[in-house]
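*Asks:* kindly generate the corresponding structure for this input.
(one chain, ligands or ions: 1)
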Amino acid sequence: MPPVITLESPFARQVFHERHAVLFNRLKDAHPYGPKERAALDNLLETSQNGTIAEPEPAFDREQWLAWDQRHFGTPWPKAPFLWAESYFYRLLLGAVGYFETKVDPFGPFKTAELHTLNEKEDYAWLENPLDFDAALMASLYGNRADLGFQLIAGNTEIHNQLVADDSAKVHDFFRRRGPVPVTFVLDNAGRELLSDLIFADHLLTNDLATDVTLHTKPYPYYVSDATMTDVSDCMRRLKDLPGGAGQRLHAAAADGRLRIRTHPFHCAPLSFHDMPADLANELKSGLTIFKGDLNYRRLVGDCYWDPATPFRQTVSYLPGPTVALRILKSEVLVGADNLESAERTAGTHAMIQMYQP
Ligand SMILES: O=P(O)(O)OC[C@H]1O[C@](O)(CO)[C@@H](O)[C@@H]1O
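*Replies:* This next block holds a predicted model:
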């Protein structure tokens, strides 16, 4: 593996020093946190910028995190791998606000606001006519722009995303030749992104390209807007308000077992999918698995300074079955594409569709 991206990278440093500070102010505005939670958040912000990585507090997942340690506990935060550190940061954030006792999603108000500010008639008029395969695939890809964590810095600026790798024809061809097959989505963000993933899932089911669809969520709130099971329920309800009938069809698919929702503790692990346990790998080996978003991409190929010319298949050949990555670039890792400057890799202005078939 090439050198791992660490918190010494200027981009990762900006995430820890600027984005996290903005996020914590929003959390404090959105919730009636008392002195204990506020002090814990302040302490986490300060320590994660300059301090030493401490073991997690006694909690249901302490043993799990000790197993995922990889000898980072007791070392300085600024030297830690970006992926490991950012994942542990979000786990500590949940502890700081008492999530494991209250089960109140700290990011819930942002997710709810997003779902309720979208306008079903204006924003989703494109659903009034049936979608073709490419439109449904692209909706799922570009849904990844709608990431609340990313918007903390990028704002809501209109961005034109340029495809730097485009295996969409291969994906379409796979379905034409092999469909209908079981399809698994390893989801990324709730809200608009999840709505467009559900629209793609509905397209696959109604056009006999998928026998069934399984949605893998995060087991708990993570990376600001990552989808949990609760978010899937909320989005499924919201989808029923949108034109086109996907919400009603997916509800029926859930009722007859063609749409399933699953989670796995490893979806919150600070490690790449190279280390995924056998039971999860087993779930991803039949049909086609679609990994959504930037974080899943970092975990898929390894959060390293790859030579961008490295073929995608070389980085994911450990995977048990056909796989597609749909990603808006929001971090530095890049394979299977022409080189891009660091700023271009992190601005959310470029996108990729990559496919691997063993
Ligand atoms: O929601 P996505 O597409 O996974 O993007 C999350 C990305 O945002 C960041 O947290 C900050 O850019 C990245 O580290 C992470 O990969």
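*Asks:* doesn't His216 lie inside a helix?
*Replies:* No: His216 sits outside any helix when classified using DSSP: H, G, I helix; E, B strand; the rest coil, being strand.
*Asks:* state the pLDDT value of the residue lying closest to it once chain neighbours are set aside.
*Replies:* Residue nearest to His216 in three dimensions, not counting chain neighbours: Val186, with 4.8 Å by C-beta to C-beta, 6 or more residues apart in numbering. To be clear about C-beta, it is placed using only N, CA and C from the backbone, and glycine gets the same treatment. Note on Val186: pLDDT of 98.
*Asks:* doesn't Glu283 make contact with Val186?
*Replies:* No: using C-beta atoms under 8 Å, Val186 is not in contact with Glu283, being 10.0 Å away.
*Asks:* mind listing the shared neighbours of those two?
*Replies:* Taking C-beta atoms under 8 Å, 6 or more residues apart in numbering as the contact rule, Val186 and Glu283 both touch His216.
*Asks:* ok, these two, which is more surrounded?
*Replies:* Val186 (24 against 18; other C-beta atoms under 10 Å).
*Asks:* how far off centre is stretch 123-131?
*Replies:* Between the centre of stretch 123-131 and the centre of its chain there are 25 Å (C-alpha atoms, centre = their mean, to the nearest Å).
*Asks:* quote the end-to-end distance of that stretch.
*Replies:* Terminal residues of stretch 123-131 are spaced 15 Å apart (C-alpha to C-alpha, to the nearest Å).
*Asks:* regarding Arg38, what is its secondary structure?
*Replies:* Applying three-state DSSP: Arg38 is helix.
*Asks:* ok, Met355 next?
*Replies:* Here Met355 is strand, with the state taken from three-state DSSP.
*Asks:* same deal with Arg145?
*Replies:* coil.
*Asks:* that one touches His350, doesn't it?
*Replies:* No: using C-beta under 8 Å, Arg145 makes no contact with His350, being 11.1 Å away.
*Asks:* if I look at the residue nearest to His216, how far off is the ligand?
*Replies:* Using C-beta to the nearest ligand atom, to the nearest Å, Val186 is found at 11 Å from the ligand.
*Asks:* which of the helices or strands spans the nearest residue to Gly143 once chain neighbours are set aside?
*Replies:* Leaving aside its sequence neighbours, Gly143 sits nearest to Ser196 (C-beta to C-beta, 6+ apart; 3.3 Å). Per DSSP states H and E: Ser196 is located in helix 192-206.
*Asks:* cool, and His172?
*Replies:* helix 168-178.
*Asks:* Arg262 belongs to a strand?
*Replies:* Yes: under three-state DSSP, Arg262 falls within a strand.
*Asks:* contact partners for it?
*Replies:* Counted by C-beta under 8 Å, 6+ apart, Arg262 has contacts Thr214, Leu215, His216, Thr217, Glu283.
*Asks:* could I have the buried ones of these as ChimeraX selection syntax?
*Replies:* Typed into ChimeraX, the line below selects the buried ones among those, using 16 or more other C-beta atoms under 10 Å:
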select :214,215,216,217,283
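*Asks:* for the ligand, tell me which of the contacts of Arg262 show up nearby.
*Replies:* When C-beta under 6 Å from any ligand atom is applied, no member of the contacts of Arg262 is adjacent to the ligand.
*Asks:* what's the closest of the contacts of Arg262 to Glu114?
*Replies:* The shortest approach to Glu114 among the contacts of Arg262 belongs to Thr217, at 16.7 Å (C-beta to C-beta).
*Asks:* the closest one touches Val232, doesn't it?
*Replies:* Yes: applying C-beta under 8 Å, one finds Thr217 in contact with Val232, separated by 5.9 Å.
*Asks:* which residues do the two both contact?
*Replies:* What both Thr217 and Val232 touch, as defined by C-beta under 8 Å, 6+ apart, is the set Leu187, Ile261.
*Asks:* any low-confidence regions in the stretch 201-350 of the chain?
*Replies:* Within the stretch 201-350 of the chain, no range satisfies pLDDT under 70.
*Asks:* would you mind naming what in it lies close to the ligand?
*Replies:* Tyr223, Gly293, Asp294, Leu295, Arg298, Lys330, Ser331.
*Asks:* understood, closing this out.
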